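Asks: 3D model of this:
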Amino acid sequence: MIERLIRWSLANRGLVVLAASFLAAAGLYALDRIPVDALPDLSDVQVIIRVPYPGQAPQVVEDQVTYPLETAMLAVPNEENVRGFSMFGESLVYVIFKDGTDPYWARSRVLEYLSQVQSRLPAAARPVLGPDATGVGWVYEYALVDRTHQHDLSQLTSLQDWFVKYQLQTVPGVAEVATVGGMVKQYQVLLDPDALRAYGISIDKVKEAIQAGNDEVGGSVIEMAEAEYMVRTDGYIHGLDDLGDIPLGVSRLGTPVLLKDVATLRLGPQPRRGVAELDGEGETVGGIVVMRYGQNALTTIQAVRAKLAALKDSLPKGVEIVPTYDRSKLIHRAVQTLDRKLVEELLIVLLVCGLFLAHLRSSLVLVVSLPLGILGAFVVMGLQGLNANIMSLGGIAIAIGAMVDAAIVMIENLHRHFEQTPPTEENRWRVVAQATVEVGPSLFFSLLIIALSFVPIFSLTGEEGRLFSPLAFTKTYAMAVAAGLSITLVPVLMGYFVRGRMVPEGENPVNRALIAAYRPCLRWALKKPWTVAGTALLLILLSLWPAAHLGSEFMPELNEGDLLYMPTMLPGVGIGEARHI
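Replies: So this is what the prediction gives:
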């Protein structure tokens, strides 16, 4: 069958070249659209449930919120693990799913079971799902800085929470924009116990009065002068004066008792449990951009940068947005390194081919077929949904050396046939067919065997499977495409490019020198087989001791080149001391 395919390709050269052109176009299209990131995503498929329960101690949160949620989530289909964390005023429950589970299917299942357990939770505890992102979704971070000092932290926080955050959430690929640091402004009511006792007013009544005094009520419509007018009351609090004028009741003398009569009113910060500083110059307000699951990290970061540039003119005077973390730099460094290595490998292959064959035109076969094989691998990557990262591109880099084996052997065999039968316009394609059919089937199956050598990696699961499977997939794809090209396109290219004067193998000075050095070694090895076998066995035995004492690690140390300082302190440290440290 392989022989018939080779002869059919040589007989239909135009169709083969046209198919190769379509493959190149599809590969370039996939290369332009394929998601790009620095590393493969090693995180589990998980759904995070966050339940605020204000003012409650961790033990209360554990008993009333975390435990009911954990027990309910144990019944979710494809659930692998459930982890709960109870903190002051908040509960976090992580539902880990089996590998291969669709994340949005997982979120819908969690919502189903969340609706069932909602009635068992306290009224003040309202669960919400975390963003549809993974553990490596943190792709960009920025800080709002006012170097003129015209805006305080509370104003910068309001700008972040009510303007910048919402604008960035409209960017495609962004799942969440989380605020870091800053200070939230709030109205603070400091009640006077003696005044409350004197007027006979309870704290609950004060609370109800404040809630009722910050409301807006709509009525019906009335008709006046042949026009309809809507009736409404504007009862929202717009400042401290509005808050102080809220009535709480009447005194014994019949005069109204207002909130300002029993409390001190002021603007102050919401109690904080974290701070953020920038470059040691003081506190700042920051934002973390979290990418949605499965999106293109590089495209998302570029879109975020473009949106921030567009928002620059809308910011108050003196306020600027300073990037503090940008993963695109790491992505560009990783991809550029691999791109450079791919080019270097291609040049080395061409140099070796030209050095041993001493025929520049023969190298053109590799110049065309090798990039085409890589583009074919990108087509399959795009169809499968793999992204381009250091592991998937590394698989292609590993495959390059083996991808050209078939083409080099075929070219060398054609050179030998042309030495025996000088090519003419009448016999060229017949000789090409003889040379390729002679070695083509063996080379095709040898490439397939190399492609299948990484099949055991596909059986890996968990983090190691997510780490190494992109490398195994891309290497297999590249080798499979190279095997197909070796029996279709390569014979056609050899017929077109292998022309002109060719130096016989015996006249090539490099070949002659290597053969002269190799023959004495071969004769000596054949004369003393036991010595050679014993030496090889001794080397194997000597390698056992260092192999047994080698250390092991799941991954090598990967240094992004960015410094994120996150100090760890005792759990009881207050926010003031933490800020000082």
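Asks: centre of the chain to the edge, which residue is at the far end?
Replies: Within the chain, Leu253 marks the point farthest from the mean C-alpha position, 69.8 Å out by C-alpha atoms, centre = their mean.
Asks: could you look up the SS state of it?
Replies: Put simply, Leu253 is coil when judged by DSSP: H, G, I helix; E, B strand; the rest coil.
Asks: what's the spacing between it and Tyr199?
Replies: According to C-beta to C-beta, to the nearest Å, Leu253 and Tyr199 sit 11 Å apart. All C-beta spots, glycine's among them, are computed from the backbone N, C-alpha and C.
Asks: the biggest helix by length in the chain: which residues count as buried?
Replies: When the chain is parsed with DSSP state H, its longest helix is helix 327-357. For helix 327-357, the neighbour count (16 or more other C-beta atoms under 10 Å) marks 327-328, 330-331, 334-335, 338, 342, 345-346, 349-350, 353, 357 as buried.
Asks: pLDDT (mean, whole number) over that helix?
Replies: Averaged across helix 327-357, the pLDDT comes to 79.
Asks: cool, stretch 292-312 as well?
Replies: 91.
Asks: which outside residues touch it?
Replies: Stretch 292-312 is contacted from outside by 35-38, 103, 131-134, 137, 139-140, 142, 163-164, 167-168, 170-175, 289, 291, 320-321, 323, 326-328, 331, 385, 387, using C-beta atoms under 8 Å, 6 or more residues apart in numbering.
Asks: if we go to 7 Å?
Replies: Residues outside stretch 292-312 that contact it (C-beta atoms under 7 Å, 6 or more residues apart in numbering) are 35-37, 103, 132-134, 139-140, 142, 164, 167-168, 171-175, 289, 291, 321, 326-328, 331.
Asks: can you name the two of the buried residues of helix 327-357 that are farthest apart?
Replies: Longest distance between any two of these is 44.4 Å, between Arg327 and Leu357; criterion C-beta to C-beta.
Asks: tell me which stretches of the stretch 101-250 of the chain form helices.
Replies: In the stretch 101-250 of the chain, helices defined by DSSP state H, counting those that start in this stretch lie at 103-117, 153-159, 165-168, 193-199, 203-213, 240-244, listed in chain order.
Asks: closest one to Leu538 among those?
Replies: Each of the helices of the stretch 101-250 of the chain has some distance to Leu538 by C-beta to C-beta; the shortest is helix 103-117, at 54.2 Å.
Asks: does anything pack onto that closest one? Which helices or strands?
Replies: The contact analysis (3 or more C-beta pairs under 7 Å, 6 or more residues apart in numbering; DSSP states H and E) places helix 103-117 against strand 45-52, helix 67-73.
Asks: got CSV for these, with mean neighbour count and distance to Leu311 too?
Replies: Formatted as CSV, the helices and strands packed on helix 103-117 follow (neighbours: other C-beta atoms under 10 Å; distance: least, C-beta to C-beta, whole Å):
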stretch, mean neighbour count, distance to Leu311
strand 45-52, 20, 28
helix 67-73, 20, 38
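Asks: contacting residues around His34?
Replies: In this structure residue 34 is Ile, not His. With contact set as C-beta under 7 Å, 6+ apart, Ile34 has these partners: Phe378, Met381, Gly382, Asn387, Ala388.
Asks: and of the residues you listed, the nearest to Val206?
Replies: Each of the contacts of Ile34 was checked against Val206 using C-beta to C-beta; the closest is Asn387, at 56.5 Å.
Asks: pretty sure that closest one is touching Pro35, no?
Replies: Yes - between Asn387 and Pro35 there is a contact at 3.8 Å, judged by C-beta atoms under 7 Å.
Asks: how many neighbours does Ala20 have?
Replies: Ala20 has 20 neighbouring residues, counting by other C-beta atoms under 10 Å.
Asks: can you tell me the element it falls in?
Replies: In this structure, Ala20 is located in helix 13-33 according to DSSP states H and E.
Asks: how about that helix: buried residues?
Replies: For helix 13-33, by 16+ other C-beta under 10 Å, it's Arg13, Val16, Ala20, Leu23, Ala24, Ala26, Gly27, Ala30, Leu31.
Asks: what do you get for stretch 98-109?
Replies: Buried, per 16+ other C-beta under 10 Å, within stretch 98-109: Thr101, Pro103, Ala106, Arg107, Arg109.
Asks: now, which of the residues you listed sits nearest Tyr496?
Replies: Using C-beta to C-beta, those come closest to Tyr496 at Pro103, 49.2 Å.
Asks: contacts only, for the closest one.
Replies: Taking C-beta under 7 Å, 6+ apart, we find Pro103 in contact with Val45, Asp132, Tyr293.
Asks: and those residues as a markdown table, adding distance to Pro52?
Replies: Compiled in a markdown table, those are given as follows (distance: C-beta to C-beta, whole Å):
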| residue | distance to Pro52 |
| --- | --- |
| Val45 | 25 |
| Asp132 | 20 |
| Tyr293 | 24 |
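Asks: and the angle for the following helix or strand past the longest helix of the chain with helix 13-33?
Replies: Moving toward the C-terminus from helix 327-357, the next helix or strand (DSSP H and E) is helix 360-384. With axes from the mean of the first three to the mean of the last three C-alpha atoms, to 10 degrees applied, the angle from helix 360-384 to helix 13-33 works out at 50 degrees.
Asks: for the one helix or strand Glu464 maps to, list every residue counted as buried.
Replies: In this assignment (DSSP H and E), Glu464 forms part of helix 462-486. Residues of helix 462-486 classed as buried by neighbour count (16+ other C-beta under 10 Å): 465-486.
Asks: which neighbouring elements make contact with that helix?
Replies: In this structure, helix 462-486 makes packing contacts with helix 360-384, helix 390-403, helix 405-420, helix 428-452, judged by 3+ C-beta pairs under 7 Å, 6+ apart.
Asks: by how many degrees do that helix and helix 390-403 diverge?
Replies: Counting by the same axes, to 10 degrees, helix 462-486 lies at 30 degrees to helix 390-403.
Asks: tell me the angle helix 462-486 makes with helix 428-452.
Replies: For helix 462-486 against helix 428-452, the angle between stretch directions is 170 degrees (the same axes, to 10 degrees).
Asks: for helix 462-486, give me every contacting residue.
Replies: 40-42, 99, 369, 372-374, 376-377, 380-381, 384, 386, 389, 391-392, 394-396, 398-399, 402-403, 406-407, 443-444, 447-448, 450-451, 454, 457-458, 460.
Asks: rerun that using 6 Å as the cut-off
Replies: Contacting residues not belonging to helix 462-486 are listed as 40, 42, 369, 373, 376-377, 380, 386, 391-392, 394-396, 398-399, 403, 406, 443-444, 447-448, 450-451, 454, 457 [C-beta atoms under 6 Å, 6 or more residues apart in numbering].
Asks: for Glu80, what are its contacts?
Replies: Neighbouring residues of Glu80 by C-beta under 6 Å, 6+ apart: Ile96, Phe97, Lys98.
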